[in-house]
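Q: sharing a model that was predicted from the sequence below.
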Amino acid sequence: MKRVITYGTYDLLHYGHINLLKRARELGDYLIVALSTDEFNWKEKNKKCYFTYEQRKQMLEAIRYVDLVIPEENWEQKKTDVHKYEADVFVIGNDWEGKFDFLKDEGVEVVYLPRTPGISSSQIKGDIGANK
C-alpha cells in the first residue's frame with residue numbers, strides 16, 4: 001500500500017482544497033491529512049481560524065479522498081510523521097516549493113502540487129471582509 005501525507009489548515013474548505021486532496025490521493029492508496037491545530041495556527045502561523053480544529057477535522061473526514069486525519073502541532077513533526085505513518089509520498093502546495101526537500105533524506109518522495117487557479121482561503125476571507 002502506498003501512503004501519502006499532506007499538511008494544512010483547511011479553514012473555509014473550498015474546491016481548491018478538494019482538488020488538492022483528490023490529486024494527493026491519486027498519488028497513492030491511502031491519504032493522511034495532518035491538520036493544523038488551533039494552537040499551532042495561532043502561535044506559529046499567526047492565523048485565527050473561522051472553524052475550530054474539531055469542525056475542520058470533521059469536514060475533512062467526510063471527504064472520500066481522506067483516510068486519516070491527524071493533528072499538526074509543530075513544524076518539526078513532519079520528519080517523525082513520515083516514519084510513524086509509514087508515508088511513501090509527502091505532498092504540499094507548490095507555494096512551499098523546495099521547503100520540504102529535506103524529507104527526501106527520510107526516504108520519502110516529495111511532491112509540490114500546483115494550486116487551483118482563482119481560489120484561496122485568503123481570497124475568500126478578503127472577499128467576505130470586503131462585503132461587510
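A: Ah, there it is. Since the structure is predicted, the reported quantities are computational estimates derived from the model, not experimental observations.

Q: which residues in the protein form helices?
A: All helices of the chain, identified by DSSP state H, fall at 15-25, 38-45, 53-61, 77-84, 121-130.

Q: CSV for the ones you listed, including mean pLDDT, mean neighbour count and distance to residue 101?
A: The way it works is simple: take the backbone N, C-alpha and C, and place the C-beta from them, glycine included. Formatted as CSV, the helices of the chain follow (pLDDT from 0 to 100; neighbours: other CB atoms under 10 Å; distance: least, CB to CB, whole Å):
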stretch, mean pLDDT, mean neighbour count, distance to residue 101
helix 15-25, 95, 18, 18
helix 38-45, 92, 15, 21
helix 53-61, 98, 17, 26
helix 77-84, 97, 16, 12
helix 121-130, 70, 12, 25
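
Q: possible to save those helices as a markdown table with distance to residue 113?
A: Listed next are those as a markdown table, based on distance: least, CB to CB, whole Å:
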| stretch | distance to residue 113 |
| --- | --- |
| helix 15-25 | 5 |
| helix 38-45 | 20 |
| helix 53-61 | 17 |
| helix 77-84 | 16 |
| helix 121-130 | 16 |
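
Q: count of neighbours near residue 113?
A: 16 (other CB atoms under 10 Å).

Q: need the nearest residue in space to it, chain neighbours excluded.
A: Once flanking residues are discounted, residue 113 sits nearest to residue 23: 5.5 Å by CB to CB, 6 or more residues apart in numbering.
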